[in-house]
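Student: based on what follows, work out the 3D shape:
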Amino acid sequence: MALKIITPPAAEPITLDEAKQHLRIIGSDDDIILLSMIRQAREFCEDFQNKKYITQTLELVRDTFPNDNYIAFENCSPVQSVESVKYYDAGGREYIFDSGNYIVDTDSFVNRIVLGYCKLWPTIALQTVNAVRIRFIAGFGDKEADVPETVKWAMILHMRLLYDDYKPDERNKIEEARNSLLSMNRVIPV
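Tutor: Modelled structure (predicted):
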């Protein structure tokens, strides 16, 4: 299973001005570094929590349909909508799984696509690899205000670790604080 970014987020959860304020930086000498650190902090926190923060278009690629009646978005909730579910037969021909066959569960902690009543996944012989492609929109929203404050604070702590030099015991405390904030709503794939 793979997760591809089709359209990356148009913004970051933390602005450059916010980062400067928290890191106590005056001037613009480090702006390029700080912008890179903001992105790196977001990516670290998203990977830790198995979530996506700012609206982005993704594609979940699987080799087969599941044996269960659902496909869980274990490393990319919250899902806003599903654009398409495509699959490819052994000859490489593309099919679209009709959206009337499934329900997008956006209310569960881990979002998922669930088969509708008396519906089944396609039973044709699929190509041997990357046979199912689910394109969807994920994230809390389009702007910084949509992202939970705990995530923003965890990102700030991560940026502090990247930007400043700390003694080992101080570093451990900051890492523990960051990880505690991120653990509150972490999705742990089973």
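Student: and stretch 6-18, end to end?
Tutor: Chord length of stretch 6-18, first to last residue, is 28 Å (Cα to Cα, to the nearest Å).
Student: one more: stretch 20-27?
Tutor: Stretch 20-27 has an end-to-end distance of 9 Å (Cα to Cα).
Student: element containing E18?
Tutor: Assigned by DSSP states H and E, E18 belongs to helix 16-23.
Student: what does V129 give?
Tutor: Going by DSSP H and E, V129 is not part of any helix or strand.
Student: that one reaches D63, doesn't it?
Tutor: Yes. V129 lies in contact with D63 (Cβ atoms under 8 Å); the separation is 5.6 Å. C-beta here means a position set from N, CA and C on the backbone, and glycine is covered the same way.
Student: of these two, give the one with the bigger neighbour count.
Tutor: Set V129 next to D63 and count neighbours by other Cβ atoms under 10 Å: D63 wins out with 13 against 10.
Student: tell me the pLDDT at the more buried one?
Tutor: For D63, the model assigns a pLDDT of 97.
Student: hang on, it packs against A131?
Tutor: Yes. Here D63 reaches A131: they are 5.8 Å apart, a contact under Cβ under 8 Å.
Student: tell me what L3 is bridged to.
Tutor: For L3, the beta-bridge partners are L60 (DSSP bridges).
Student: number of residues surrounding it?
Tutor: L3 has 15 nearby residues by other Cβ under 10 Å.
Student: ok, now which ones touch it?
Tutor: 58-61, 75-76 (Cβ atoms under 8 Å, 6 or more residues apart in numbering).
Student: mind redoing it with 6 Å?
Tutor: The neighbours of L3, taking Cβ atoms under 6 Å, 6 or more residues apart in numbering as the test, are 58, 60, 76.
Student: any idea how far L161 is from the second one?
Tutor: If you measure L60 against L161 using Cβ to Cβ, to the nearest Å, the figure is 31 Å.
Student: not counting sequence-adjacent ones, nearest residue to the residue most central in space within the chain?
Tutor: Centre of the chain computed as the mean C-alpha position; nearest residue by Cα atoms, centre = their mean is K52, 2.7 Å away. Leaving aside its chain neighbours, K52 sits nearest to A138 (4.2 Å; criterion: Cβ to Cβ, 6 or more residues apart in numbering).
Student: ditto for T7
Tutor: Excluding its sequence neighbours, the residue lying closest to T7 (Cβ to Cβ, 6+ apart) is T57, at 3.8 Å.
Student: equivalent analysis for Q80, please.
Tutor: I137 (4.4 Å).
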